[in-house]
Every structure is written in C-alpha cells, then in structure tokens.
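Enquirer: how does the following fold in three dimensions:
(one chain, ligands or ions: 1)
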Amino acid sequence: MTITEGLAELADRKRAVRDGAAPDATRRQHDKGKLTAYERIALLCDADSFHEIEPLRRHRATGFGMEARRPDGDGVVTGWGTVHGRRVFVYAHDFRSFGGSLGEAHAAKIHKLMDLAAAAGAPLVSLNDGAGARIQEGVSALAGYGGIFVRNTRNSGVIPQISVMLGPCAGGAAYSPALTDFVFMVRGVAQMFVTGPSVVRAVTGADVTAEGLGGADVHAATSGVAAFVHDDEESCLADVRYLLSLLPANNRETPPREPSGDPPDRRTDRMLDLVPADPARPYDVGAVIAELVDDGEYLPVHEHWAPNVVCALARLDGHVVGIVANQPSVMAGGLDIHAAEKAAGFVQTCDAFNIPLVTLVDVPGFLPGLDQEHGGIIRHGAKLLYAYCDATVPRVQVILRKAYGGAYIVMDSRSVGADLSFAWPRNEIAVMGPEGAAEVIFRRDIDAADDPGQVRAQKIKEYRAALVHPFHAAERGLVDDVIDPRDTRATLVAALDMLRTKHADPPSRKHGNPPM
Ligand code: HXC
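Expert: This is a model prediction of the structure:
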C-alpha cells in the first residue's frame, strides 16, 4: 500500500466512524431527539481541541453475525480535549453502533482512556448513551464492565469523574456513573436502570415506562442518583463545562481562582431582612447564599433531592467553596435520611478535591418519626457525621438562627472539627428548644403548681435566658465570635484566607471504615 492509498483508506474509515456505519444511523439518532457522540464532544470541549485515540479499534468477536459487522471505533469515541483551556479526558458512546453497547474492544478503549486520565491527573467525563453489556459478547462484555468499575473506584478522589446521561443506559452503563462524583441527566432522552421496563413487567407485573422507571426527574428528585437535570443536551453540556471550571484537575491541586469585581468585604446588608427573627418562620436560604457569594452566583448540587438541605458550589473572593446549608423553607430545615446522605456525599467530594467548606446552620433537629428510625436515620445520619469528622479541608461554620441537639453537632460544629465557628446574635444554640426543655426538666414543678401555665412560661423564660443564646457558646469557646450578620461575607473571606495554608495529616491506616 502506498502512502497515498494508506491516507485515502484512513480518511474513508474515519469518515465512516464520524458518519455512522449505516447510512441513516445519524438521522435515526437525531429523530430520537439525541445528538451523536461527535456532536456532543464538540459542545463539551473547546473548539478544535479534541484529540481522538483508537478510532480504528474493532472487536474480534465471533458468532451471531459479528464477523460481518466490525465498525471502526466499536461504538465508543475516546480522547482528550480542553474545557476553558484545561485538559479533560472524554469518552462518548456512539449509539449508532450496537446501541452503544459495551463489548471487549469498546471496554478496552475506555480502560485505556481512564488510565491515561489518571496518569495525566485530569478529569474524566463520560457521555453515556449505551445499552449496557453487549449481548453477543457474553462474559467478555461483563468483564469489560468490571474493568471500568475498578478504575472508577481507584480514580475516586484522585481525579474528578463526571457522568453525563444522554440516552437509555442499562445495567453496567448505569452502575459506572453511580461510582462517579457527579451525574447529569437530560429529560426525555436519558434513562438509567439496572433492569429495564420489560424485565420489571415480567418479574413484578408492574407496567411502567422507561421514563417512569428511570427518567431524569425520577433520579433527580426521588432516587438521588442524578445531581443535575436539564431540558436539553446543549444546556446540560454547558453546565458540565461550568462545573469543571469549579473543580481542580486532581486531588493535588486546588480549583482555579477566578477573581470578580465583587468586593471581599462587601457588607451583606440584606441578611437582616432575609432571615426572620422569629425562629419558627421559614425563609429561603438560597437567598442568603446568593447574598454571601461572589456576584450572587452559585451552583446547587442535587437541587431537587432532599431540598431540606442545600449543597452548592460557589466562589468567595474568587476561591471556590462548598456550601452546606439547612433550608428552613422545606420541613423547617430538619435533617432526615436523604438530607444526611446528600450532605455527606457533598462534604466528602469537597474534601477529596480541596474545596473548603462553609456550613450555614439553621436546624431544629433531626426529623422525628417511625419511618426515619426504621429507615435507618442512625446509620444514614452517621454518614454525615463521619464525613465532617473526617474532612481536612478548611471548615467554617456560621449559625444563622437556631442550632439544636445532634443536628447542631452534625452540622460542622467546632466539636467535630470546624476550624472556626461564628454565630449571629439572637441565636438559639441548645440541646433542645426552651418549650421542650422546660417540659422535661421542670415537669414536677409545673405539675405541682397552682397555675401550671404561668410556671411553665416562667421556666421557659429562665431556660431561654440562661442557655438559649449565642453568648453561652461564645463564653465557652464553642463559637469563636458573635458577628453582625452584615459582616458575614467579610468574616468568611478573612477566615478562609487565613486557613488557605491549613495542612492536616490523616491518621496512619489503610482507610477508614465509614458507615455505608
Ligand atoms: C447488543 C444491543 C443491545 C445490547 C440494544 N442493542 N441493546 N446490542 N447488546 N445490550 C442494539 C439493538 O439490537 C439495535 O441494533 C440497537 O442497539 C438499538 O437498539 P433499539 O432497541 O432499537 O433502541 P431503543 O428502542 O432506543 O432501545 C434502547 C434500549 C434497548 C432501551 C437500550 O435496546 C434495550 O433494552 N436493550 C437491552 C439492554 C440490556 O438489557 N442490556 C444488558 C444490561 S446487563 P440495530 O442493529 O437494530 O440498530 C449489563 C451487565 C453489567 O450491562 C451489569 C453490571 C452490574
């Protein structure tokens, strides 16, 4: 073969990979409301930055007509490019080839890319639109998934791993994303399930659509699998680019700083209006976060799941921070099983990637109830406790209004390792609210009184005056200062600036044994 012939064949084969093996394959993909793998990569990466590897790799499977069907690329596009000028590794299923299903060669391409991403210390983004294990390749396909899972796990906490769900993803195509840091889904086109609707129908008799079983809204609001949900691929991939701008390339770096025109010492004047003095009145903590952070801009993570706690990435004086905040407008901000799991995962992710934590506390306690106790609130609540106790990034707590009992301790109190804790005046920090406390410790006095109502009111007043205010905690060093709410941004910026050089050596052990 001459060089001219070789180059001509190369061009033909690469064109076939881009255009799809069957002539109408691209049209069929578009008819389903989906983009092709290459179109997606073009939206994700900076223009002309993508370098593909192994576009010519093909399977060597036999039987079931496989010898006659050996498309170049084997149903997955792999390579690296840049996002905002920073290196990322990307693989994208090509649904036009075997429904994006994973066979031995397909898996080997992904394994190689994951190893390269780890070696280069750069994020891995998977664009998933695949039918799971390739049925024709049997156990070789299953082994291919094993290789992905073990790499997902080994790369966990080393490089950011982001999964973007852009089609029906079954079996292994759903499990690999579950091992990664962030899952994005697009409504209407993405579904995730371990067993699809037909199997569910055959085994359980339940008639359910793919969207009802594992659509984007199900996973964003009910199962908690998806951290982000979008209406279309364009906005989804734009948000993946935004998320990447908030993450470091790997666990040895910090996220890039992006200074803004928002003054670090800006007075947060609106705080006094945003948080009502009456501890029983709800408000939106999202507005408090917006008032605090640079330019009012923050990215909520798992916005629709466990909305009684808000987890968000934002910038303070240009530095990325992870914010965990109770949400008093949902269930009065009480902590339940899902909220504890959500916040635990977020704290762990921030800690892994050197993102300081700011915890905004306004919590009445853990949600009481049979469902919660029987559902394992002890086990799940312990996940949040463990995540905070284990975190070595800079940690600053701000108590906005009330902080009661175990929920106060869990929400990054100083006693579990917050570096600094600040409280606004008019705070309530105590084991429980004055009404409940009076019923427990003064019950005999109240019952014996001629006027129980008057004694109860008197005891509540005494208890409140003695214990339920921030000065009790400040006098004992459990909060580092009581601050003017209008100074909250400046206080946080100064605290995090001081903590920038914090260094903590974890204890010598193989790894901890967190509640799972
Ligand atoms: C090989 C597959 C395939 C598979 C689909 N195709 N699934 N080829 N292996 N697993 C092929 C189809 O034959 C078809 O080929 C093309 O992909 C598109 O499939 P359609 O069914 O026409 O598309 P659609 O209607 O969009 O439905 C997509 C789908 C459905 C929902 C993914 O195909 C499906 O349910 N497939 C089976 C999914 C599955 O059970 N996978 C195994 C999971 S177990 P042509 O040539 O006609 O275009 C697993 C093990 C690991 O992954 C578990 C680890 C924990």
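Enquirer: which residue does the stretch 401-516 of the chain bring closest to the ligand?
Expert: residue 516 (17.4 Å; Cβ to the nearest ligand atom). Quick note: C-beta positions are derived from backbone N, CA and C, even for glycine.
Enquirer: tell me which element the closest residue to residue 206 other than its chain neighbours falls in.
Expert: Nearest non-adjacent residue to residue 206, counting by Cβ to Cβ, 6 or more residues apart in numbering: residue 200, 5.6 Å away. Per DSSP states H and E, residue 200 falls inside helix 197-204.
Enquirer: in that helix, which residues are buried?
Expert: When burial is assessed from 16 or more other Cβ atoms under 10 Å, helix 197-204 yields the following buried residues: 197, 200.
Enquirer: output it as CSV, nothing but the C-alphas.
Expert: The C-alpha coordinates for helix 197-204 follow below in CSV (Å, rounded to 0.1, in the frame of the first residue of the first chain):
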residue,chain,number,x,y,z
PRO,A,197,-39.3,-1.9,31.9
SER,A,198,-39.8,-5.3,30.1
VAL,A,199,-37.9,-7.2,32.8
VAL,A,200,-39.7,-5.3,35.6
ARG,A,201,-43.0,-6.2,33.9
ALA,A,202,-42.1,-9.9,33.5
VAL,A,203,-40.9,-10.2,37.1
THR,A,204,-43.2,-8.0,39.1
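Enquirer: the very next helix or strand once past it packs against which elements?
Expert: Once helix 197-204 ends, the next helix or strand along the chain (criterion: DSSP H and E) is helix 210-214. The contact analysis (3 or more Cβ pairs under 8 Å, 6 or more residues apart in numbering; DSSP states H and E) places helix 210-214 against strand 191-193, helix 197-204.
Enquirer: touching the ligand at all, stretch 106-120?
Expert: No. Using Cβ under 6 Å from any ligand atom, we find that stretch 106-120 stays clear of the ligand, coming within 10.5 Å at best.
Enquirer: A strand includes residue 87, no?
Expert: Yes. Residue 87 sits within a strand when classified using DSSP: H, G, I helix; E, B strand; the rest coil.
Enquirer: correct me, but it touches residue 122?
Expert: Yes. Using Cβ atoms under 8 Å, residue 87 is in contact with residue 122, at 4.2 Å.
Enquirer: who touches both of these two?
Expert: 80, 249 (Cβ atoms under 8 Å, 6 or more residues apart in numbering).
Enquirer: helices along the stretch 51-200 of the chain, start to end?
Expert: For the stretch 51-200 of the chain, applying DSSP state H, counting those that start in this stretch gives helices covering 104-120, 138-155, 172-178, 197-204.
Enquirer: who's in contact with the helix holding residue 200?
Expert: Contacts of helix 197-204 (Cβ under 8 Å, 6+ apart): 193, 195, 206-210, 213.
Enquirer: likewise for stretch 372-388?
Expert: 335-337, 340-341, 343-345, 347-348, 351, 366-367, 395, 406, 409-410, 412, 416-417, 512, 514-516.
Enquirer: now the helix holding residue 200: average pLDDT?
Expert: Taken as a whole, helix 197-204 carries a mean pLDDT of 90.
Enquirer: anything in it near the ligand?
Expert: No. Helix 197-204 lies out of reach of the ligand by Cβ under 6 Å from any ligand atom, never closer than 7.1 Å.
Enquirer: for residue 78, see how far away the residue nearest to residue 206 is.
Expert: Separation of residue 200 from residue 78 (Cβ to Cβ, to the nearest Å) stands at 32 Å.
Enquirer: can you pull the residues of the stretch 51-200 of the chain lying near the ligand?
Expert: 98-99, 101, 131-136, 142, 145, 168, 170-172, 175, 196.
Enquirer: hmm, 8 Å instead?
Expert: 95-96, 98-103, 130-136, 141-142, 145, 149, 167-175, 191, 194-196, 198-199 (Cβ under 8 Å from any ligand atom).
Enquirer: any of those residues buried? List them.
Expert: Buried among those by 16+ other Cβ under 10 Å: 95-96, 98-103, 130-134, 136, 141-142, 145, 167-175, 191, 196.
Enquirer: before we move on, back to that, out of the contacts of helix 197-204, show me where the pLDDT dips lowest.
Expert: Among these, residue 195 has the weakest pLDDT, 87.
Enquirer: now do the phi/psi pair for it.
Expert: phi -130, psi 130 (degrees, to the nearest 10).
Enquirer: so who does it touch?
Expert: So residue 195 contacts 170-171, 203 (Cβ under 8 Å, 6+ apart).
Enquirer: OK, contacts around the residue located most distally from the centre of the chain?
Expert: Centroid-distance maximum for the chain: residue 450 at 56.3 Å, with Cα atoms, centre = their mean. Counting by Cβ under 8 Å, 6+ apart, residue 450 makes contact with nothing.
Enquirer: one more: the one 5 residues further on?
Expert: Shown in contact with residue 455 (Cβ under 8 Å, 6+ apart): 442, 445-446, 449.
Enquirer: next structured bit after the biggest strand by length in the chain?
Expert: Taking DSSP state E as the criterion, the chain has its longest strand at strand 395-404. Next helix or strand after strand 395-404 toward the C-terminus (DSSP H and E): helix 405-410.
Enquirer: tell me what that following helix is packed against?
Expert: Helix 405-410 packs on strand 357-363, helix 377-390, going by 3+ Cβ pairs under 8 Å, 6+ apart.
Enquirer: who wins for proximity to residue 465 among these?
Expert: strand 357-363 (21.5 Å; Cβ to Cβ).
Enquirer: any idea how far residue 182 is from residue 221?
Expert: Residue 182 is 16 Å from residue 221, by Cβ to Cβ.
Enquirer: which of these two has more residues huddled nearby?
Expert: residue 182 (21 against 16; other Cβ atoms under 10 Å).
Enquirer: what residues does the more buried one make contact with?
Expert: So residue 182 contacts 160-163, 227-228, 243, 301, 349 (Cβ under 8 Å, 6+ apart).
Enquirer: ok, now how distant is it from the ligand?
Expert: Per Cβ to the nearest ligand atom, to the nearest Å, residue 182 is found 20 Å from the ligand.
Enquirer: next, work out how far apart that residue and residue 345 are.
Expert: Residue 182 is 10 Å from residue 345, by Cβ to Cβ.
Enquirer: swap in residue 310?
Expert: 14 Å.
Enquirer: who has more neighbours out of those two?
Expert: A direct count of neighbours by other Cβ under 10 Å for residue 310 and residue 345 places residue 310 higher, at 29 against 19.
Enquirer: next, count neighbours for the residue in the stretch 201-350 of the chain that the ligand sits nearest to.
Expert: With Cβ to the nearest ligand atom, the shortest gap between the stretch 201-350 of the chain and the ligand falls at residue 210, namely 6.4 Å. A count of neighbours around residue 210, defined by other Cβ under 10 Å, yields 16.
Enquirer: any idea of the pLDDT on the residue of the stretch 401-516 of the chain closest to the ligand?
Expert: 92.
Enquirer: picking up where we left off before, neighbour-wise, which of the contacts of helix 197-204 leads?
Expert: residue 193 (22 neighbours).
Enquirer: from residue 200, how far out is the nearest residue to it once chain neighbours are set aside?
Expert: The shortest distance from residue 193 to any non-neighbouring residue, by Cβ to Cβ, 6+ apart, is to residue 214 (3.8 Å). Between residue 214 and residue 200 the distance is 10 Å, computed by Cβ to Cβ.
Enquirer: good, wrapping up.
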